[in-house]
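Engineer: This is a predicted model, with the sequence first.
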Amino acid sequence: MTDDQTFLFDRAAETMSREDIEALQRTRIKDTLTRAHGKVAHYTSAFDAAGVQPDDLKTLDDLRRFPFTVKTDLRDNYPFGMFAEPRESLIRLHASSGTTGKPTVVGYNQADIDLWTNLMARSLACGGALPGDIVHNAYGYGLFTGGLGAHYGAERLGCTVVPVSGGGTERQVILLEDFGARVLCATPSYALNIAEVAARQGVDLRDLPLAIGIFGAEPWSDALRAELEDKLGLKAVDIYGLSEILGPGVAAECHVAQAGLHAWEDHFLFETIDPETLEPVPDGASGELVITTLTKQALPMIRYRTRDITRLSDEPCACGRTHRRILRITGRDDDMLIIRGVNVYPSQVEAVLVGLPGIAPHYQFVVTQDGPMTALRVEVEADAAMDDNARTAKAAEVQHHIKSIVGVTCEVEVMDVGAVPRSEGKAVRVRDLR
Ligand code: DLL
């Protein structure tokens, strides 16, 4: 591996030996447990109820004795009750809306923003961004962490940021053309929307300097990766994160291998558990990702249950980074549907739909209750005008593919071109009518 293949923003940290990573984690986890227990009433009582104290942690495995933290803990302590630093010392709040009730509020002091900025710079470099690049940042700015997270990271890396945010897609195409960005940051569904609008405007994005797409914030499949690489003429890499832990930049895929996201183990401790039994699952097996922050100050998180389903891999990576990888997030535990006994995530169906002839890569799940049964209708979109006979035949074909690959029986409706709503941020994949 040479420097022209990959630029390591933080070479020493990104290539630490396993022993050094674990030694660092042991020291840092102790500080975090002490800070959380001493400064946040929720943790004081949760640790006491579980009969554990920060001093009980002698090895990393001892972390399993500590209680999990879940999203409702944040909601129950709304808005500032989980903070370990006085509100006056914080310089930023973000919040995620969620579908019901109060938003989840997260806070950062200056040290936290510096950490986030550095980890985003590291993540962008890992994905193939280079100092001097123009970065077109189409993640939403505002309470969502995507826009500002990518913005600060790209500036720290030494890039020229175009803070365009989501929406106004025609103008995005003009700016991509006129400014010549090398890097596009967006959700994968919004990147697809940009490609479609560009084609309508007669702009072939493949002719532009675009070379790297840093796509995340929602589940997506390798099939969609191939489609985006083809339509935008770039290399598409995955980026992961969540507000409760940091924002984007918790883990990032390298452009060298494009084979899962390096999880930044010097700042977070990653576990995977069986969401039913809450027991650990071994590396390589699918489970719910649980994350503990090691260096966050204002909002330390102990064993936070992300609800995201993935696998961890400790296989060495061609890029030279030593941090274990999170393999593609297949979906959120709470997005999983059980249709006639079969577990199904939207991204599994996406992988079937993308690339099918006659079908555009836009889709939505409609979930209904049919007596005791949950029923699924998959709305897909024709890629050109289709008569009724062709539509019926295409629907039967798609239904057959979904049944044979995902194993689930569903109704399929082939809609008109443009009928499935387009995304400007996180795509809404499921309409639950139950
Ligand atoms: O989505 C942070 C982010 C912004 C990540 C920009 C990447 C790029 P939240 O709004 O709190 O934060 O949503 C976090 O989004 O628990 C996952 O369910 C999902 N998610 C994030 N990245 C990915 C990804 C941001 N690469 C929730 N693949 C997480 C699949 C993802 N799901």
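Structural biologist: Received it, and whenever you're ready, just let me know what you need.
Engineer: For the stretch 201-350 of the chain, what lies in contact range of the ligand?
Structural biologist: Counting by C-beta under 6 Å from any ligand atom, the stretch 201-350 of the chain comes close to the ligand at 216-219, 238-243, 247-248, 306, 308, 329, 332. Where you see a C-beta, it was placed from the backbone N, CA and C, and this is true even at glycine.
Engineer: what about the helices in the protein?
Structural biologist: For the chain, applying DSSP state H gives helices covering 11-14, 18-39, 41-50, 71-76, 110-127, 145-157, 169-179, 188-200, 222-232, 346-353, 388-406.
Engineer: what's the domain layout of the protein?
Structural biologist: 1-333, 336-432 (automatic domain parsing).
Engineer: nearest to residue 408, of the residues of the stretch 201-350 of the chain next to the ligand?
Structural biologist: residue 219 (16.8 Å; C-beta to C-beta).
Engineer: can you pull the contacts of that closest one?
Structural biologist: 328-332, 335, 345-347 (C-beta atoms under 8 Å, 6 or more residues apart in numbering).
Engineer: Check residue 139 too.
Structural biologist: Residues 146-147, 149-150, 165-166, 185-187, 217, 248, 425 are the ones in contact with residue 139 under the rule C-beta under 8 Å, 6+ apart.
Engineer: follow-up on the earlier one: which two in the contacts of residue 219 are spaced the farthest apart?
Structural biologist: 328 and 335, at 14.2 Å, using C-beta to C-beta across the contacts of residue 219.
Engineer: wait, residue 217 sits on residue 185?
Structural biologist: No - Residue 217 lies out of contact with residue 185 (C-beta atoms under 8 Å); the separation is 9.9 Å.
Engineer: what touches both of those two?
Structural biologist: With C-beta under 8 Å, 6+ apart, residue 217 and residue 185 have common neighbours 139, 146.
Engineer: quick one: which of the two has more around it?
Structural biologist: Neighbour count, other C-beta atoms under 10 Å: between residue 217 and residue 185, residue 185 has more, with 34 against 26.
Engineer: what's across from the more buried one in the sheet?
Structural biologist: residue 137, residue 214 (DSSP bridges).
Engineer: That one contacts residue 136, correct?
Structural biologist: Yes - with contact defined as C-beta under 8 Å, residue 185 reaches residue 136; the gap is 7.0 Å.
Engineer: related to what we said a few turns ago, winner for burial among the helices of the chain?
Structural biologist: For the helices of the chain, average neighbour numbers computed from mean count of other C-beta atoms under 10 Å are highest in helix 145-157, which has a mean of 25.
Engineer: and that helix, what other elements does it pack with?
Structural biologist: With contacts taken as 3 or more C-beta pairs under 8 Å, 6 or more residues apart in numbering; DSSP states H and E, helix 145-157 sits against strand 92-96, helix 110-127, strand 134-137, strand 160-162, strand 183-186, strand 247-253.
Engineer: Partner strands of the lengthiest strand in the chain, with direction?
Structural biologist: Ranked by residue count and defined by DSSP state E, the top strand of the chain is strand 359-370. Sheet pairing here is set by DSSP bridges, and for strand 359-370 it gives strand 373-382 (antiparallel), strand 430-432 (parallel).
Engineer: what does the last one contact?
Structural biologist: Residues lying outside strand 430-432 but in contact with it, judged by C-beta under 8 Å, 6+ apart, are 335, 337, 346, 364-367.
Engineer: ok, now with 6 Å
Structural biologist: Defining contact as C-beta atoms under 6 Å, 6 or more residues apart in numbering, one finds that strand 430-432 is touched by 365-367.
Engineer: The first one too?
Structural biologist: The contact list for strand 373-382 (C-beta under 6 Å, 6+ apart) reads 339, 353, 359-360, 362-364, 366-368, 398, 410-415, 417, 419-420.
Engineer: show me the contacts for residue 228.
Structural biologist: 191, 236.
Engineer: sorry, back to before: want to throw the strands paired with strand 359-370 into CSV with distance to residue 177?
Structural biologist: As requested, the strands paired with strand 359-370 are exported to CSV (distance: least, C-beta to C-beta, whole Å):
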stretch, distance to residue 177
strand 373-382, 26
strand 430-432, 34
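Engineer: Now for the closest residue in space to residue 206 that isn't next to it in sequence, how many residues are close by?
Structural biologist: Of all residues not flanking residue 206 in the chain, residue 233 sits nearest, at 3.1 Å (C-beta to C-beta, 6 or more residues apart in numbering). Using other C-beta under 10 Å, residue 233 is surrounded by 17 other residues.
Engineer: Great, nothing more from me.
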